[in-house]
Every structure is written in structure tokens, then in C-alpha cells.
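[1] Mind folding the following:
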Amino acid sequence: MLPLLESLRRRFSKQILLIVVGPLVLFTLSALLYLNTKTTTIFGSTSAKQQTTAINNNPSSASFLNSSKRLLKSPANSTLGFQKLFYINLDTRYDLEDMIQLQSDVAGITPDLWPARKIEPNSFKGLPPASDDWPSKVALGLLGCLRSHADIWRATLKEKWETVLILEADAAWDIHVREMMAHFSKGFQEALPALSALNITDSPMAPHGKPGDYVPTENDPYMAKHWDILQLGGCFEKKERAEFKHVYFDPTAHRKPIPYADGSELGSHERAIRWQNELMCTTAYAITPTGARKLLLRMSLQLNTPVDGLISELVREDKLRAYSTTPNVFIQWQYRDGLGSNNKNSDISKFNPGDDASQEARNRMWALARKEMKIWQYNGIFGMSGFLHPALGGQAEQLYGIVPS
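    Here you go, the predicted model:
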């Protein structure tokens, strides 16, 4: 009798243990799978594609790459990993202010307004001397734009900011710009060891050192001591130095292959970080204190070029260390053709107050704009954006279910 009871006790004890412990194990596994899914959704995954580098013969890069395999979180914060994030706008451009706020709201970023300067006609006081009559020949908006950017350069030095991202008020971006910048940060970390093999001139007073000397941190995800300018929204990309690039995987980038400046193609979800020789357009760029010092000094010497011409001059002369990404993370938007609004697109360039569309064609364009709740388009000189989820259309999609075209 006793052996029978003992056998029954052992058998049912195992069943009770399975009943109690089994659900706990399943719950734990489900929780882990859920957390892993959420992490992948926020920060993406780089294991889906083998990353390639055009200049990868630097022997010091191996150990550095091992420390850069993970995505940092700070580039995905509300200032995109920079200490300060500003957009420059005139107090009369309420329309641009609205679009900045709508895009920021849907993308979860918090840029601060930097008031743009206005230069009064026939009054160039407060501006540096000019070697010719260039200032009197150009639109006053060009001079105001230059001074507005210079104000931020000066403030960068005065306030001891380590990094500043500067946007112009007509900048456009993707809903997932924070995730985009997290992948850019990782790609930049991987690119710098290879780029350290290049013979880039340093300023004796502000040496940048070798890229391998710097390790990224959450407080410094872009290793700011290595560069002067990061161009994140430029135009008219040139082929010079285009071969000095690092291609990295970004799941938020374009789906179809796009052309690259050196004649090759960037495949699906690929971006390239390159060493720049020229920076045209200042829709979006980041600056460090050394970059601000160099630009402020150059601006004080001679007033003879717009802000992007001034920057490009120093970059071409290897006096500014500059890198950029292709395709752009930020591009410029403008009012849609055919709406009779060409005169509203810029405070710098002069546009015909009307456009060539007939009233009938204009009516059709307005009907389409109302249907799509879309009165903007991207400026073609910035190349293909490849935005999968444009922030400009994000509000219409979320509020009314209208998918951006």
C-alpha cells in the first residue's frame, strides 16, 4: 500500500509543478519577445544588410568598430543628439512657423526659434567691409540670412555650446527623423576610422586629432571634436571627393536605388557619408565651436558672398573639416507649382509675383491641393529625399487618413 501511495505522490507532484511553472516560463518568454520587438521598432536593425566602406584599409579601425556596433539613444532625442537645435525665421513668416510646428509635432523634435535679421535698405552698418559693390547688388534678404547664421555662430562661442544643429525655416524632414539620425550617428562612428587615413589639414590652434582617438558617448554621439560642420541638408552635390565615402544601412531611407555623385548607385535603404569639398545651401547643418570660430573670423574679413558661398570657400581650401550624408536628412520645401504662390517661396531670391499657369489650370491645381491637403513640394535642387513618411504629410494622414503622395 505504501509503495503505491508514494508512486502516486511523485507522479502528481510533477504535474502540479508543470501547472505552476509552465505559465510563468511562457509569460517570461513572451515579455522578452515583446521588448525586443519594441526596441527594433524604435531603433531599427543593422543585421539585415552587410555594410560596406569605400575606404577601409586603415588598420586602426577594427577595435574602434567593435565599440560602435550598437545604436546610441541620444541621436533619437528631441534635439537629435545635439546640444542645441534652432530654426531661423523672420517674424513675418507665419506660414513657415506653422509648418515647422506641424512637422516638429508629428516627428517629436523641439527646435527653438532663432529670430532672423532684417537689413534695412541703404544701411550696411554692423556689417563687415566689402571689397566690391556686391552687397548693394544683391537682395537684402541675402545679407540678412548671412547675419542670422553668424549670430548663431557667435552665440555658440559665447554660450559654450558643444554642438548646434541649424535649420532654415523652410526645412522639411521625415516623421522618423530621430531614428534616421540614430543610424547616421552609427554610420558616422564607423566611417571616421577609415577617414582618419586621409591627409586633412588641421588648424594649429584647434587640432581635431585622429578619428580613432574619440569614442562616441550618449553625450557626444557625433564625436564633435573631429569636425567643424556636418551638412544634413544641402544642394548641388559635386563629384569631387565623392569617392571618399562610407555606405551604411538605414531602414528609414529610400526603398529604390538612387544615383550617387561618383556615378555609382546607393541601394535600397543605403546612405553614404562623405568627406565634402563644397557645401551649397544651408537648409540644415550642424556646427562645433571650432567651426563657429573659423566662420565668424572669415565673415568679419570681407562681405562678398552669401552664407553658403562663405562656408564652401573654407571647405574647398581645407580650412573647414566637413562631412555630409546622401541622400539628405533635411531638404527644402516650397509652394506647389500652379497655385500662384511663387512669390511666397523665398525671402532671399526674387520671384515673379505670379506664375505662368492659366486660371483654369490654377483651379485644377487648387482642387487637387484641397483633395490631398497638400500645397507644398520639395525643391528639386536638393536631389531625391527618399522620405518614406514625410512629416509635411504626417498630420493629414494621422488626422484625416490621407496618405501622402
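[2] A171 contacts N328, doesn't it?
    No: between A171 and N328 there is no contact under Cβ atoms under 8 Å: 9.9 Å. Using the backbone N, CA and C atoms, a C-beta is placed for each residue, glycine as well.
[3] what is in contact with these two at once?
    Taking Cβ atoms under 8 Å, 6 or more residues apart in numbering as the criterion, A171 and N328 both touch G233, T283, A284.
[4] mind listing which of these are in strands?
    G233, T283, A284 (DSSP state E).
[5] Can you name the residues that contact the second one?
    Applying Cβ under 8 Å, 6+ apart, one finds that T283 lies in contact with L167, E168, D170, A171, G233, G234, C235, N328, F330, I331, Q332, F382.
[6] any idea how far the second one is from S312?
    Distance check for E168 against S312: by Cβ to Cβ, to the nearest Å, it reads 16 Å.
[7] How about the fifth one?
    Spatial separation of G233 from S312 under the definition Cβ to Cβ is 15 Å.
[8] now do A242
    15 Å.
[9] And for D151?
    20 Å.
[10] Which of these two has more residues huddled nearby?
    With neighbours defined as other Cβ atoms under 10 Å, D151 and S312 compare such that S312 has more, 22 against 17.
[11] before we move on, the earlier item: tell me which of the ones in strands among the shared contacts of A171 and N328 is nearest to W227?
    A284 (15.1 Å; Cβ to Cβ).
[12] which residue packs closest to the closest one, ignoring adjacent ones?
    Once flanking residues are discounted, A284 sits nearest to G233: 3.1 Å by Cβ to Cβ, 6 or more residues apart in numbering.
[13] residues in contact with that neighbour?
    Counting by Cβ under 8 Å, 6+ apart, G233 touches 167, 171, 281-285, 328-332, 382.
[14] give me that answer again for 10 Å
    Contact analysis of G233 by Cβ atoms under 10 Å, 6 or more residues apart in numbering lists 166-168, 171-173, 281-285, 324-325, 328-332, 382, 385.
[15] Then E120?
    L140, G144 are the contacts of E120 under Cβ under 10 Å, 6+ apart.
[16] which SS state does it fall under?
    Of the three states, E120 takes coil according to DSSP: H, G, I helix; E, B strand; the rest coil.
[17] can you check T110 too?
    Following three-state DSSP, the label given to T110 is coil.
[18] Ok, the one 3 residues further on next?
    What three-state DSSP gives for L113 is strand.
[19] The chain should start at 681 in everything you say after this.
    With the count now opening at 681, the last piece we talked about shows up as L793.
[20] If it is in a bridge, with which residues?
    Y767 (DSSP bridges).
[21] gap between it and Q869?
    31 Å.
[22] Please say which of those two ends up with more neighbours.
    Shown here are L793 and Q869; by other Cβ under 10 Å, Q869 has more neighbours (26 against 13).
[23] could you say which helix or strand contains that one?
    helix 857-875 (DSSP states H and E).
[24] which other helices and strands contact that helix?
    helix 682-723, strand 732-733, helix 741-746, helix 774-787, strand 909-915, strand 925-929, strand 950-955, strand 1002-1006 (3 or more Cβ pairs under 10 Å, 6 or more residues apart in numbering; DSSP states H and E).
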